[in-house]
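# Quick one: sequence plus predicted model below, questions after.
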Amino acid sequence: MNKSGFFQPPSEGFLAFEADPIRLMVANSSDFALVLNSDLHVEQVFTGAETLAFDELDSLRGAHFEATLAEETVGKFHALIEGASREEPPRWRQLNHKTNADLSFPVSYAAVALDDKFLMLGRDKREMALLQQRLVQAQMTIEQDYERIRQVESRYRVLFETGTDALVILSADTGKILDANSASARLLDREASDLVNRSFANKIDLASQSDLRETLEIVRTKGGQRSVALTLKAENRRIWLDALLFRSVSDTLVLCRLRPQTVAAEGAHPLTDALGDLYERAGDAIVFTDKDGMILRSNAAFQSLANVAVPEQLREYNLAKFLGRPSVDMDVMTRNAERSGRLSVYGTNIRSEYGAQIPVEISTTYLPDQKPPGFAFIIRDVTRLEASRQSGATLTTEAVEHVIELVGSTPLKELVRSTTDVVEKLCIETAVRLTNNNRAAAAEMLGLSRQSLYVKLRRYGLVDQAD
């Protein structure tokens, strides 16, 4: 059409150009172009981009176009053809082509009717589809991460709020309260929401604030766990504060467990406070368990012996987990203590969280009035005494006198054999007694098979005793 609004003669328009430049222009206006005949077979293919390999396009030549499409996009193809037949303005629609590998690649098409044929302009959308797929995968990963975070947050809140301990989380840098559970709110006589973003030092009596600052500074610089006695402003109540340093992503935080000190009431035993202080500061490990051996409470010495950083973790464990012979040691100590009230000394090993073996002596006391009933264990590290213990077993006075009487009248070989028999018999009698005549447990304690233990019981005439 010219400037006056009249159509120009065809000879002055595109028909004035040769066919090859026109084909090249059409093909390069998109990634490629296809010419379909009236039966919708691909008659010609014009390439104009490097995004598609030649063999991928050449495989379309002569094929029925609909047969090359994925089933879900056939309807969109028919809509394209119908729109082009009605000479509607071209619309781009994405169609997916099938390949020999049962894969598909997406192409965006626009269709134009040319007499009884159709011109299909195609744009390769594989890169876009790949980006969309990566975006969907990234979105799914983010959703999964959010779900995990929500689960962890939910578990954290349940444990944080349902625990009986008063817990406060402080910023190691500012000393402000970042989180506090309901138990700590009751202890500090404030709502938990009122404690957040407030300085913890403001809840402490002025005379105790220097002790608090010193303890937090030691924890911040040296790590580990520290305990300090403080006085609260509210009603001048005395509490113990156990501070533990930990990291959360890029923040350094301090987990504080607040425990009210037991104040001796009028007429109460005067040793109450002293015993509580001894429990916390004792060099020997002290552990309280229920009747099944599940740890209820433990002091800092046991946490150090077991190499456990967070004391709350110990409540998930049975004490047997840390013993050298888990089932045998626990069974021997608890059965004897429950039967006689206490077991004075029992030698075994403590296995730390990381597998280190530490020789110990354990005293066990049955606590029937504890709620729930259970046991108290006092565990002493005897590493320094292990060498002397291994130098030889201690014989009874009677056994030693018997051996001395044989000197001079019995060859040394017979004397050594007799001494060995005495020691072996004493060990077997002790194991049988400690295991309450449980031969399987006694054999495991002695490092023998059951058959070997039975042979030795008959040899020393201990069968009736074991039965």
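Cool, the structure landed.
# after the one helix or strand M333 maps to comes which helix or strand?
The secondary structure element spanning M333 is helix 326-340 (assigned by DSSP states H and E). Read in the C-terminal direction, the helix or strand following helix 326-340 is strand 342-351, with elements assigned using DSSP H and E.
# What are the boundaries of the strands in the stretch 101-250 of the chain?
Under the criterion DSSP state E, counting those that start in this stretch, the stretch 101-250 of the chain contains strands at 104-114, 117-124, 166-171, 177-180, 225-231, 238-248.
# how about those in TSV, adding mean pLDDT and distance to R91?
Quick note: C-beta positions are derived from backbone N, CA and C, even for glycine. As requested, the strands of the stretch 101-250 of the chain are exported to TSV (pLDDT from 0 to 100; distance: least, Cβ to Cβ, whole Å):
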stretch	mean pLDDT	distance to R91
strand 104-114	84	7
strand 117-124	85	11
strand 166-171	90	59
strand 177-180	90	57
strand 225-231	85	70
strand 238-248	86	54
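# Select, out of these, the one closest to R325.
Of all these, strand 225-231 sits nearest to R325, with 29.5 Å by Cβ to Cβ.
# what is the orientation angle of the closest one with strand 238-248?
In this structure, strand 225-231 runs at an angle of 140 degrees to strand 238-248, with axes from the mean of the first three to the mean of the last three Cα atoms, to 10 degrees as the basis.
# could you say what helices and strands strand 225-231 packs with?
Secondary structure elements in contact with strand 225-231, counted by 3 or more Cβ pairs under 8 Å, 6 or more residues apart in numbering; DSSP states H and E, are helix 209-222, strand 238-248, helix 300-306.
# okay if I get these as TSV plus distance to V112 and mean neighbour count?
Conversion of the helices and strands packed on strand 225-231 to TSV gives the following (distance: least, Cβ to Cβ, whole Å; neighbours: other Cβ atoms under 10 Å):
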stretch	distance to V112	mean neighbour count
helix 209-222	75	15
strand 238-248	62	17
helix 300-306	80	21
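# Tell me which of those approaches C427 most closely.
Each of those has some distance to C427 by Cβ to Cβ; the shortest is helix 300-306, at 26.9 Å.
# helices or strands up against that closest one?
On a contact count with 3+ Cβ pairs under 8 Å, 6+ apart, helix 300-306 meets strand 225-231, strand 285-290, strand 374-381.
# A129 is nearest to which of these?
Proximity of the helices and strands packed on helix 300-306 to A129 was assessed by Cβ to Cβ; the nearest stretch is strand 225-231, lying at 55.5 Å.
# where does this structure dip in pLDDT?
In the predicted model of the chain, residues 1-29, 48-56, 100-104, 262-273, 310-311, 385-410, 412-418, 464-467 satisfy pLDDT under 70.
# quick check: domain ranges of it?
Residue ranges for the domains of the chain, per automatic domain parsing: 10-124, 163-261, 266-384, 394-467.
# Which parts of the stretch 1-150 of the chain are helices?
With helices called from DSSP state H, counting those that start in this stretch, the stretch 1-150 of the chain shows them at 19-28, 54-58, 74-85, 126-162.
# tell me the most buried of those helices?
Each of the helices of the stretch 1-150 of the chain was scored by mean neighbour count; the highest is helix 74-85, a mean of 15, by mean count of other Cβ atoms under 10 Å.
# Show me the residue sitting in the middle of this protein in space.
In the chain, the residue lying closest to the centroid (Cα atoms, centre = their mean) is V152, at 10.1 Å.
# could I get the helices and strands packed on helix 300-306 as TSV with distance to V308 and mean neighbour count?
Formatted as TSV, the entries for the helices and strands packed on helix 300-306 read as follows, by distance: least, Cβ to Cβ, whole Å; neighbours: other Cβ under 10 Å:
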stretch	distance to V308	mean neighbour count
strand 225-231	10	18
strand 285-290	11	21
strand 374-381	14	21
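# Using a markdown table, lay out these together with distance to D173.
Shown next, in a markdown table, are the helices and strands packed on helix 300-306 (distance: least, Cβ to Cβ, whole Å):
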| stretch | distance to D173 |
| --- | --- |
| strand 225-231 | 17 |
| strand 285-290 | 34 |
| strand 374-381 | 37 |
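# P89: which of those strands is closest?
Closest to P89 of those, according to Cβ to Cβ: strand 225-231, at 75.7 Å.
# got the angle between that closest one and helix 209-222?
Following the same axes, to 10 degrees, one obtains 170 degrees for the angle between strand 225-231 and helix 209-222.
# how far is strand 225-231 from where the chain is centred?
Here the centre of mass of C-alpha atoms in strand 225-231, compared against the chain's by Cα atoms, centre = their mean, to the nearest Å, lies 29 Å away.
# And stretch 454-462, by the same measure?
50 Å.
# Buried residues, that stretch. List them.
K456, L457, Y460, L462 (16 or more other Cβ atoms under 10 Å).
# Look up the closest residue to the first one, ignoring the ones flanking it.
Yep, that's K456 we're talking about. In space, not counting the residues next to it along the chain, K456 is nearest to I428; the distance is 5.9 Å by Cβ to Cβ, 6 or more residues apart in numbering.
# Which element, helix or strand, includes that neighbour?
Assignment of secondary structure by DSSP H and E places I428 within helix 412-434.
# Can you name the next helix or strand after that helix?
Elements were assigned by DSSP H and E; along the chain past helix 412-434, the next helix or strand is helix 439-446.
# ok, and what's touching whatever helix or strand comes next after that following helix?
From helix 439-446 onward toward the C-terminus, using DSSP H and E, the following helix or strand is helix 450-459. Contact partners of helix 450-459, identified using Cβ atoms under 8 Å, 6 or more residues apart in numbering, comprise E424, I428, V432, R439, A440, A442, A443, L446, L448, L462, V463, A466.
# in stretch 439-446, what counts as buried?
Neighbour-count burial for stretch 439-446, with 16+ other Cβ under 10 Å as criterion, is recorded at R439, A441, A442, A443, E444, M445, L446.
# Looking at those, which one is closest to V45?
Nearest to V45 among those is E444, at 82.4 Å by Cβ to Cβ.
# wait, what's in contact with the closest residue to that closest one other than its chain neighbours?
Once its chain neighbours are removed from consideration, E444 has its nearest residue in V328; the separation is 5.1 Å (Cβ to Cβ, 6+ apart). With Cβ under 8 Å, 6+ apart as the criterion, the residues that contact V328 are T435, A441, E444, M445.
# possible to save those residues as TSV with distance to Q261?
Shown next, in TSV, are those (distance: Cβ to Cβ, whole Å):
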residue	distance to Q261
T435	42
A441	42
E444	44
M445	42
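# Could you identify the most distant pair in those residues?
Taking Cβ to Cβ, the two most distant members of the contacts of V328 are T435 and E444; they sit 8.8 Å apart.
# circling back: in TSV: the domains of the chain, plus distance to Q144.
What follows is the domains of the chain, written out as TSV (distance: least, Cβ to Cβ, whole Å):
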stretch	distance to Q144
domain 10-124	27
domain 163-261	19
domain 266-384	27
domain 394-467	47
